[in-house]
Structures are given as structure tokens and as C-alpha cells.
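Q: Here's a sequence, model it:
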Amino acid sequence: MIILVGTLSATAEVYVPNNEYLSYVDTNGMYTIIGNVKNTEPVDISTTVTISVTDGDIIYTVTIRHDFLPANSELPFKVKMPQIPQPYDNLVLLDPQVEYYNTTGYAPRVSVIYDETLVLHTNGTLSGFVINDGNYTVQDITIWAVVHGMDGALDVSQSLHEIGPLDPGQMGRFVMHPDPAVSDDVTYYSCFAPSSRSTYPIKAQRGDMTYNLRYESGAWIYRPEFTENGTTLTLQTTNSYTFETFANIEIPPVTRQETFQVYRNGAEIDFVQSVDELGMWHLAFDIRKLSQDVITIRGFVPGPTLEPLVPEYLRYDAEQWALDESKDDILDDLFLLSDLDMISTGYKGEPYLPRWLVPLALWYADGTISDDEFLKSISYMIELGIIVVIPE
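A: Sure thing, here's the model as predicted:
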């Protein structure tokens, strides 16, 4: 039985179907679990799925979080459990526990085009096109799907590369692959679902502090460990696909002056170090095909991590105001940012945001302009008196 916990009504239908919840061993010999969370309620939710596997008296558990699952929609998922040792003969996959809560957010309106361009290839790969059905530009979109064989679900796959930016009505191509362990048995894909950029959190203990990282990758990254002095991090990677993929590690800064080096199995490799609008470091590098490698990152500076340069909720609050949902949150944000000297003020009076600023807010919400460009625009209009802010 699937256990449901949440704030919706007692008749809520938020669940993982039994016929789309299973495990298999991937090409690299790693225990892999797939599923598909369905939200049949007319409200948007966030979900937490807890997966447990028993091996005799030992219980292995992993948790997956979907921050935003729109009403009447679904979102497939796949996890790997490297902590489970072989052999897998006595493993029992328990029913998932699904917790859910009402939430608000933004779902990209992107649909798969069902015509002759949607092609299932002989190697189990699927290629096709999606279209932006919404009114706003979208970017960094991932397409998820359940992969089926003659006897039921086999795998869950995601698009190989992020899609976008896509303007309203614009199409973009996607490609997705099953794990090679099941590719010969693929007959069709279903349950297509778009999601925004897919990032996975990983936590590493560094002294007495928990260090929070995130990553994007076509591979699985796990088992982060810091050296005793906290300056070097090792990560295990596994890529069961027959093609090279990528990794993008997001690292919170301590000084914002760090310089990193990246090694694969002890040998230094090429990588790109960059910083995003929030002041977070990003290290991007390639992951070899059919590989299980150890990645070592050097250059960490001991000490507490810094807060993001721009609050992550600012983009969402700007979008909600632009969509005529609420102006209170964006005004509160401007008060806070003026206190932090992130925007300039100097005018007093009743708060006022002219509606003709809506395009600016939407450009910021969909990533067309950066945090810095948005804040500079707001500062300029405050200085002109177009936007009136009451500093606290």
C-alpha cells in the first residue's frame, strides 16, 4: 500500500502507480529504482517520495523531492542506490511513501509533438520535438518519460540535453536514451512531463558543518567526502550510458575568491569554472561513457559559506506580480533589498509599481535578463521616481 500524507482532502489522489514502480540493475551493476508520481488533484503540490529497500534486517532509504508538481500532472523519477552492495538476491523494494503539500510555482507549458517526427530508434533511443504552448519564453527544460517494454515499464529516461530557450510557439528537439541494460526490450515511451532545470542536492560533512552542493548531470553523482582539512572533496560518478555526458557542480562560496582544480581518478582534467547571478560557483566537466570514476575537487576554503547574492524567491515573486497574482511579496522584497544595499533608494511615498513594468518582470522570471540586469533596472527607475519605495 502507498502511504499518503499531506494537507489535501482525504480523497486526494497523489500516488506512484504500482505498474510504474520497479527496480533493475543498470549496465554498471548499480541498483536502480524508477517510478512516476501522479497528481490527479486540481491543485499544485510539492511532493516528497521516500523509497526503502530491505536486505534482511538492513533497510536502505533514499528520498526524492519534487518542489513543484502541477495539478492533474505527473513527473517520472529515477534514483540509484550505490550504498547497496552486491549481490542483490535478497532485496525487497518496499512501497513508496508519498508526502505532499499545497504549493505555488511555475510550470513550463511545453508539450511533445505526436507526429512522424517522434521516432523510436532500433537501439531504444527516442527523438522528437517539443513546442512551447505558453505565453512566455522558457529555457533549461528537461523532458521526462517512462520507458515501456512488452510486459510493462522498464526504465525512466530524461532528455539528453536541456531544451531552450523557446519562445511562445517555438519548437525544440529532444533525444532520450534508456539504460543499455534494458534498451533491447523498449517498445514505446509514455508519461512525458516537462520540468525546469533538474538539479540534485548532495550533502557532505565538512568538520562540524554540513556543506550543501547541487549538481546537474546525465550521470549519477554520489558519496561526497571532504578531507580532514576541508580543502578537497571527492565524488563518485557512474555513467551507464554508451555516450559521454556532462556534470555541472554548484558550490556555495566561502570567499568568492576560490580557484578550483578538478581531477579524474587522480589525473587533472579540463573544466570550466564560472559564477552565476547568485554568486554560486559552477564547475563543468565531461563524464566518460560507461564509466565509474572518482572526481576530486581541490581549492575549497574552510569556513562558513556565504548567502546567495540575490534571494532565490525574488524571481518567483516578480513573476507572480507580473501575472497579477500579488504585489505584496515583490514590494517586501524591494524593502529588504534596499536594506541590504542591493538596490538604491531615496524616495518616500506610497509603494507603486506601474503595470507597464510587466514585461521586465516576465523577462526576469524566464531568465531573459539576469539578476544584475533586473536589479540595475529597478534601481534606475527608483532613482527616477518611477518606482517609489518606502525604506524601513
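Q: and the closest residue to Phe300 other than its chain neighbours, how many neighbours?
A: Using CB to CB, 6 or more residues apart in numbering and skipping residues adjacent in sequence, the residue nearest Phe300 is Thr231, 4.9 Å away. No exception for glycine: its C-beta is placed from N, CA and C like everyone else's. Neighbours of Thr231 under the rule other CB atoms under 10 Å: 15.
Q: Quick check: Thr231 touching Arg298?
A: Yes - counting by CB atoms under 8 Å, Thr231 touches Arg298, with 6.6 Å between them.
Q: Which strand residues bridge Gly172?
A: Val130 (DSSP bridges).
Q: er, Gly152 I mean
A: Gly152 has these beta-bridge partners by DSSP bridges: Gly149.
Q: Around it, count how many other residues there are.
A: Here the number of neighbours of Gly152 (other CB under 10 Å) works out to 10.
Q: my guess is it contacts Tyr21, does it?
A: No - between Gly152 and Tyr21 there is no contact, the gap being 10.6 Å when judged by CB under 8 Å.
Q: Identify the residues contacting the residue nearest to Arg65 when sequence neighbours are not counted.
A: Once flanking residues are discounted, Arg65 sits nearest to Thr48: 5.1 Å by CB to CB, 6+ apart. Listed by CB atoms under 8 Å, 6 or more residues apart in numbering, the contact set of Thr48 reads Thr63, Ile64, Arg65, His66, Val98, Glu99, Tyr100.
Q: do you know how far the fourth one is from Pro194?
A: Using CB to CB, to the nearest Å, one gets 13 Å for the distance from His66 to Pro194.
Q: how about the helices in the stretch 201-350 of the chain?
A: Per DSSP state H, counting those that start in this stretch, the stretch 201-350 of the chain carries helices over the ranges 313-322, 328-339.
Q: Deepest-packed of the ones you listed, please.
A: Scoring the helices of the stretch 201-350 of the chain by mean neighbour count under mean count of other CB atoms under 10 Å gives helix 313-322 as the most buried, with a mean of 20.
Q: gap between it and the chain center?
A: 19 Å (CA atoms, centre = their mean, to the nearest Å).
Q: So which elements touch it?
A: Under the contact criterion of 3 or more CB pairs under 8 Å, 6 or more residues apart in numbering; DSSP states H and E, helix 313-322 touches helix 328-339, helix 358-365, helix 371-383.
Q: would you list these in a markdown table and tack on distance to Gln236 and mean pLDDT?
A: As requested, the helices and strands packed on helix 313-322 are exported to a markdown table (distance: least, CB to CB, whole Å; pLDDT from 0 to 100):
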| stretch | distance to Gln236 | mean pLDDT |
| --- | --- | --- |
| helix 328-339 | 39 | 69 |
| helix 358-365 | 36 | 80 |
| helix 371-383 | 33 | 74 |
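Q: that older thread, between His66 and Pro194, which one's more packed in?
A: Pro194 (23 against 17).
Q: So that one, which state does it fall into?
A: In three-state terms, and counting by DSSP: H, G, I helix; E, B strand; the rest coil, Pro194 is strand.
Q: show me the contacts for it.
A: Applying CB under 8 Å, 6+ apart, the residues contacting Pro194 are Ala107, Pro108, Val110, Ser111, Val130, Ile141, Thr142, Ile143, Trp144.
Q: Thr27 too?
A: If you count contacts by CB under 8 Å, 6+ apart, Thr27 has them with Asp179, Pro180, Ala181, Ser240, Tyr241, Leu290.
Q: Helix or strand: which one has it?
A: For Thr27, there is no enclosing helix or strand under DSSP states H and E.
Q: before we move on, the earlier item: wait, is the residue nearest to Arg65 part of a strand?
A: Yes - under three-state DSSP, Thr48 falls within a strand.
Q: what bridges to it?
A: Taking DSSP bridges, one obtains Arg65, Glu99 as the residues bridged to Thr48.
Q: now it: how far from Ala153?
A: Remark: distance between Thr48 and Ala153 (CB to CB) = 22 Å.
Q: cool, Leu94 as well?
A: Distance, Leu94 to Ala153, by CB to CB: 18 Å.
Q: neighbour-wise, which of the two wins?
A: A count of neighbours by other CB under 10 Å puts Ala153 above the other of Leu94 and Ala153, at 22 against 12.
Q: Please name the nearest non-neighbouring residue to that one.
A: Among residues not flanking Ala153 along the chain, Glu20 sits closest, at 4.9 Å (CB to CB, 6+ apart).
Q: mind listing the strands for the stretch 201-350 of the chain?
A: For the stretch 201-350 of the chain, the strands defined by DSSP state E, counting those that start in this stretch cover 209-217, 220-226, 232-239, 245-251, 261-264, 267-268, 272-275, 281-287, 291-298.
Q: out of those, nearest to Leu360?
A: Checking these against Leu360 by CB to CB gives strand 272-275 as the closest, at 23.7 Å.
Q: Adjacent strands (with direction) for that closest one?
A: Using DSSP bridges, the strands paired with strand 272-275 in its sheet are strand 281-287 (antiparallel).
Q: Neighbours of Thr63, how many?
A: Thr63 sits with 12 neighbouring residues when counted by other CB under 10 Å.
Q: Show the contacting residues for it.
A: If a contact means CB under 8 Å, 6+ apart, then Thr63 has Thr48, Val49, Thr50, Ile51 as its contacts.
Q: List only those of the residues you listed flagged as buried.
A: Buried members of those, scored by 16 or more other CB atoms under 10 Å, are Thr48, Val49, Ile51.
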